[in-house]
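Visitor: Model the following, please.
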Amino acid sequence: MYNKRDCMASKFNSILNEKCPKCEKGAIFSEKGNVFTFRSPKMHEKCPSCGVTFEKEPGYFIGALYVSYGLAVLELIIAYLILAMFNAPLSIIFIAMFLVLSLFSFFNFRFARVIWMYIFCKY
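Guide: Numbers count the residues shown, from 1 in each chain. Next up is the predicted model:
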């Protein structure tokens, strides 16, 4: 029997593990990237498991910029609230926000693309 809660949990796990939105088995990224060595993440063109093409058309992932922006704003709000609890000076808050944006840049890049694909994937 179809259980909506199990289906949502499965989709959520697939998003966190960066799996194909169609088959939920193949990896979307061949390389995760590393912010410290300045290596950017690399995507597979097609799912290694089911063969679905990830980039449907040129410019498909431009909309993922909005998702990335939302993730960055959420991270900055959390960083600000944590630092504001400790009455940190404004200069420390700005430096911390710059570090948060720098360290989470590849995370945002990857997850924005994965979330964008899951929004528009037909199951």
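Visitor: got a pLDDT number for the residue nearest to the spatial centre of the chain?
Guide: Most central in the chain under CA atoms, centre = their mean is residue 111, positioned 0.9 Å from the mean C-alpha point. For residue 111, the pLDDT comes out at 92.
Visitor: mind checking how far it is from residue 75?
Guide: With distances taken as CB to CB, to the nearest Å, residue 111 is found 11 Å from residue 75. Heads up, the C-betas are built off the backbone N, CA and C, glycines and all.
Visitor: The closest residue to residue 56 other than its chain neighbours and residue 69: what is the separation?
Guide: Among residues not flanking residue 56 along the chain, residue 120 sits closest, at 7.9 Å (CB to CB, 6 or more residues apart in numbering). Using CB to CB, residue 120 is found at 18 Å from residue 69.
Visitor: same question, residue 7
Guide: 28 Å.
Visitor: cool, residue 97 as well?
Guide: To residue 69, residue 97 is 14 Å away according to CB to CB.
Visitor: same question, residue 78
Guide: Taking CB to CB, one finds residue 78 at 15 Å from residue 69.
Visitor: Grab the CA positions of the strand or helix carrying residue 96 and hand them over as CSV.
Guide: Using DSSP states H and E, residue 96 maps to helix 90-103. This file holds the C-alpha atoms of helix 90-103, laid out as CSV (Å, rounded to 0.1, in the frame of the first residue of the first chain):
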residue,chain,number,x,y,z
LEU,A,90,29.4,44.0,14.5
SER,A,91,32.9,43.5,12.9
ILE,A,92,33.1,39.9,14.2
ILE,A,93,29.6,39.2,12.9
PHE,A,94,30.5,40.5,9.4
ILE,A,95,33.7,38.4,9.3
ALA,A,96,31.8,35.3,10.5
MET,A,97,29.1,35.8,7.8
PHE,A,98,31.9,36.1,5.2
LEU,A,99,33.4,32.8,6.5
VAL,A,100,30.0,31.1,6.5
LEU,A,101,29.3,32.1,2.9
SER,A,102,32.8,31.0,1.8
LEU,A,103,32.7,27.6,3.6
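Visitor: so the helix or strand just after it versus helix 90-103, what angle?
Guide: For helix 90-103, the following helix or strand on the C-terminal side (DSSP H and E) is helix 105-120. Counting by axes from the mean of the first three to the mean of the last three CA atoms, to 10 degrees, helix 105-120 lies at 60 degrees to helix 90-103.
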